[in-house]
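Q: structure for this input, please:
(one chain, ligands or ions: 1)
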Amino acid sequence: MTNTNSPALDISGLIKDVGPLAALDGRMKRIVSNISLQAHFGAVTALLGANGAGKTTTIECAQGLQTRTGGTISLLGHDPARGDAALRARVGVMLQDGGLPPAARPVALLRHVAGLYENPLDVDTLVDRLGIGEFSDTTVRRLSGGQKQRVALAASILGNPEVLFLDEPSAGLDPQSRLMVFELIRELRDAGKAIILTTHLLDDAQRLADYVYIVDKGETVAQGTVPELLERSTAALKQRELTFESSPGLDLAGLERPGLDCTETRPGFYRLRGTLEAGDLERFGAWCARQSLMPTALHLASQSLEDVFLAVSQGGAATAQAGHPASDDSVETAKGNS
Ligand SMILES: Nc1ncnc2c1ncn2[C@@H]1O[C@H](COP(=O)(O)OP(=O)(O)OP(=O)(O)O)[C@@H](O)[C@H]1O
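A: As a prediction, the model looks like this:
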């Protein structure tokens with residue numbers, strides 16, 4: 001019986017060395033040096049990082065697909081490195097490349113996969129839900145990237161897993177399919193599943209994740225809910241931008257104040273950038289009224305998770321979370337086997 005108070009996945013101080021590598025004179029290379037994360041039931045946990053940050057390595061160690069060099073991992077209370085078929089049956093995995101057999105047809109494939117589980121979800125409901133019926137007679141090799149993603153997602157959840165690993169689940173999806181997939185992921189979360197999402201798409205993390213771990217160069221450099229990460233970011237990130245469009249050549253003097261940069265970026269396009277405050281909006285409104293000016297477009301942008309991500313990935317990690325200094329490049333280690 002699953003204890004839903006304990007984390008579904010608990011990774012502590014993960015280390016992974018690969019090699020020996022000829023390019024390093026036969027030495028090992030440390031590609032993950034200190035990643036820790038906890039994923040809970042009824043929550044979407046995002047592992048967010050740039051290409052090569054160590055996300056796939058971490059997740060494959062968590063699934064028992066790669067051996068780890070150091071640290072501890074507990075998946076549903078078991079060490080995945082020693083996991084058996086019973087543990088694997090409780091875990092769903094959607095891989096980035098889909099991992100689907102190219103000659104199979106989607107619905108027949110899903111029926112086959114369902115037959116491997118004791119209590120599978122209903123295939124027809126899932127096919128309907130993810131719009132797979134539209135291309136049920138096309139072989140996997142002829143499906144578009146987004147269609148393959150939907151079949152791979154269906155296959156990963158058919159066994160009604162307690163933990164679900166999703167690697168870039170929205171890659172290649174059109175906006176409508178993306179909404180469909182996001183809605184399904186939220187439903188699975190609400191049904192109590194522990195969902196671990198690997199992505200470099202900040203927008204996905206911002207829309208879906210209850211808790212985010214940002215990894216960079218093999219280390220966890222920041223963690224928190226999306227609002228917490230935004231809140232913790234540096235003052236520099238509190239910059240906002242007000243842009244508007246109107247006739248060219250307007251005199252912006254009435255809008256200026258120290259700390260606020262007011263520019264006409266190209267004829268008729270204006271930008272106010274700085275630590276914008278409510279008073280600036282009031283002054284902006286009064287300035288427009290004085291000139292009987294109604295902008296044709298107006299946009300206020302605040303900081304996003306992307307700003308936090310860029311800040312921590314570019315060496316500002318210490319500002320995002322105390323006690324997690326920014327890392328150097330991957331560390332080479334002594335000779336040995338991976
Ligand atoms: N067997 C290996 N030998 C050498 N380098 C490796 C090996 N496996 C992974 N790496 C390197 O380790 C780093 C982390 O790889 P990983 O695939 O975990 O990154 P990622 O965060 O998943 O990236 P992406 O978003 O591109 O999928 C990369 O620089 C990768 O090239």
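Q: quick one: list the elements packing against the helix or strand hosting E241.
A: Taking DSSP states H and E as the definition, one finds E241 inside strand 240-245. The contact analysis (3 or more C-beta pairs under 8 Å, 6 or more residues apart in numbering; DSSP states H and E) places strand 240-245 against strand 269-274, helix 278-290, strand 297-301. C-betas here are computed from N, CA, C, even on glycine.
Q: who are the packing partners of whichever helix or strand comes after the last one?
A: Downstream of strand 297-301, the next assigned helix or strand under DSSP H and E is helix 305-311. Applying 3+ C-beta pairs under 8 Å, 6+ apart, one finds that helix 305-311 contacts helix 202-208, strand 211-216, helix 226-232, helix 317-320.
Q: out of those, which is closest to K148?
A: helix 202-208 (17.7 Å; C-beta to C-beta).
Q: buried residues in the closest one?
A: Within helix 202-208, the residues scored as buried using 16 or more other C-beta atoms under 10 Å are 202, 204-208.
Q: farthest pair within the residues you listed?
A: Between any two of the buried residues of helix 202-208 (C-beta to C-beta), the greatest distance is 11.1 Å, for L202 and L208.
Q: residues contacting whatever residue of the stretch 101-250 of the chain ends up closest to the ligand?
A: The nearest approach of the stretch 101-250 of the chain to the ligand comes at H200, 5.0 Å away (C-beta to the nearest ligand atom). Counting by C-beta atoms under 8 Å, 6 or more residues apart in numbering, H200 makes contact with 48-51, 53, 55, 168.
Q: rewinding a little: any idea which of the helices and strands packed on strand 240-245 is most buried?
A: Greatest average neighbour count among these goes to strand 269-274 (a mean of 18), per mean count of other C-beta atoms under 10 Å.
Q: enumerate the residues of the stretch 101-250 of the chain near the ligand.
A: Neighbours of the ligand within the stretch 101-250 of the chain, by C-beta under 6 Å from any ligand atom: H200.
Q: distance of G99 from L252?
A: Going from G99 to L252 by C-beta to C-beta, to the nearest Å gives 56 Å.
Q: scratch that, D122 is what I was asking about
A: 61 Å.
Q: sorry, back to before: nearest to R90, out of the helices and strands packed on helix 305-311?
A: Once the helices and strands packed on helix 305-311 are compared by C-beta to C-beta, strand 211-216 is nearest, at 21.1 Å.
Q: who does the closest one touch, helix- and strand-wise?
A: Using 3+ C-beta pairs under 8 Å, 6+ apart, the elements in contact with strand 211-216 are strand 27-39, strand 43-48, strand 219-224, helix 226-232, helix 305-311.
Q: among the contacts of H200, which ones are in strands?
A: Among those, the ones falling in strands (DSSP state E) are L48.
Q: follow-up on the earlier one: in TSV: the helices and strands packed on helix 305-311, plus distance to L14 and mean pLDDT.
A: Below are those laid out as TSV (distance: least, C-beta to C-beta, whole Å; pLDDT from 0 to 100):
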stretch	distance to L14	mean pLDDT
helix 202-208	20	87
strand 211-216	10	93
helix 226-232	21	79
helix 317-320	17	38
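Q: tell me the most buried of those?
A: Greatest burial across the helices and strands packed on helix 305-311, using mean count of other C-beta under 10 Å, falls to strand 211-216, with a mean of 25.
Q: so where is the stretch 51-200 of the chain shaky, pLDDT-wise?
A: 96-98 (pLDDT under 70).
Q: quick one: the helices in it?
A: Remark: helices assigned in the stretch 51-200 of the chain by DSSP state H, counting those that start in this stretch are 55-62, 85-88, 106-114, 123-129, 145-157, 175-190.
Q: identify each buried residue in the fourth one, please.
A: When you say that, I think you mean helix 123-129. 123, 126-127, 129.
Q: kindly report the same for the longest one.
A: Residues of helix 175-190 classed as buried under the neighbour-count rule (16+ other C-beta under 10 Å) are 177-178, 180-182, 184-185, 188-189.
Q: chain center to it: distance?
A: 14 Å (C-alpha atoms, centre = their mean, to the nearest Å).
Q: helices and strands around it, which ones?
A: strand 43-48, helix 145-157, strand 194-199, helix 202-208.
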